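**Student:** 3D model of this:
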Amino acid sequence: MNIWNNRGVTLEVLGRFNDALESYDEALKLDSKHSSAWFNKGKLFSKMSRFEEALESYDKAVELDSSDADNWFDKGFTLAKIGRYEEALLCYDEALELDPRHVAVWFNKGKILCYLKRFEESLNCFDKVISVFPEDGLAWTYKGHVLTRMGKFEEALKCFDKL
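**Tutor:** Have a look, this model is predicted:
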């Protein structure tokens with residue numbers, strides 16, 4: 001089964017998405033509980049903008065391995081892409097319970113919270129990213145954006161000066 005999953009990953013890298021899906025399906029025919037194949041299938045569906053199918057795959061991956069922060073993160077990321085922000089935040093919270101230093105989760109959670117105008121919470125997320133990667137220009141940029149939206153222009157400028 002791993003060979004089919006690995007074949008799917010390689011085909012996906014080559015841009016042969018339909019062939020990759022067939023390989024993931026073959027892996028899942030051999031072992032329907034292969035959480036990595038479900039995860040990879042979800043990533044591919046998301047890449048193809050087939051978000052509902054991606055969510056079905058991520059649901060299965062999470063069901064099979066709820067201890068993998070990336071399963072939760074990618075499900076949340078897909079939910080955010082289709083505007084289901086509150087559900088995405090719940091997934092991000094699950095991911096952070098499992099891996100509190102997962103900076104991609106903190107970053108994407110911060111973006112959603114800013115969009116929802118939950119600025120203080122958003123700032124906290126970008127501060128977490130910056131605490132791990134103090135040279136991350138994108139995190140400083142988003143933090144500056146949030147501060148601008150809050151009317152804290154001097155603080156925002158300090159963030160932009162970090163770039």
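**Student:** wait, what's in contact with residue 128?
**Tutor:** 103, 106 (C-beta atoms under 8 Å, 6 or more residues apart in numbering). In short, each C-beta sits where N, CA and C put it, glycine included.
**Student:** mind listing what's buried along the helix or strand residue 126 falls within?
**Tutor:** Following DSSP states H and E, one finds residue 126 within helix 119-132. For helix 119-132, the neighbour count (16 or more other C-beta atoms under 10 Å) marks 119, 122-123, 125-126, 128-130 as buried.
**Student:** pLDDT of that helix, averaged?
**Tutor:** Helix 119-132 carries an average pLDDT of 98.
**Student:** closest to residue 16 out of the buried residues of helix 119-132?
**Tutor:** Of all these, residue 16 sits closest to residue 129, with 34.2 Å by C-beta to C-beta.
**Student:** ok, and the closest non-adjacent residue to that closest one?
**Tutor:** In space, and not counting its chain neighbours, residue 129 is closest to residue 139: 4.1 Å by C-beta to C-beta, 6 or more residues apart in numbering.
**Student:** near the one you found, how many other residues are there?
**Tutor:** Residues near residue 139, counting by other C-beta atoms under 10 Å, number 25.
**Student:** distance of residue 102 relative to residue 55?
**Tutor:** For residue 102, the distance to residue 55 (C-beta to C-beta, to the nearest Å) stands at 20 Å.
**Student:** where does this protein dip in pLDDT?
**Tutor:** 1 (pLDDT under 70).
**Student:** the residue nearest to residue 129 and residue 162, how far apart?
**Tutor:** Distance, residue 139 to residue 162, using C-beta to C-beta: 9 Å.
**Student:** ditto for residue 87
**Tutor:** Residue 87 is 33 Å from residue 162, where distance means C-beta to C-beta.
**Student:** again with residue 88
**Tutor:** 28 Å.
**Student:** quick one, which of these two is more surrounded?
**Tutor:** The neighbour comparison of residue 88 against residue 162 (other C-beta under 10 Å) goes to residue 88, with 22 against 15.
**Student:** how is the chain partitioned into domains?
**Tutor:** Per the record, the chain has its domains at 1-100, 107-163, by automatic domain parsing.
**Student:** roughly how far is the first one from the heart of the chain?
**Tutor:** Its chain's average C-alpha position is 11 Å from that of domain 1-100, according to C-alpha atoms, centre = their mean, to the nearest Å.
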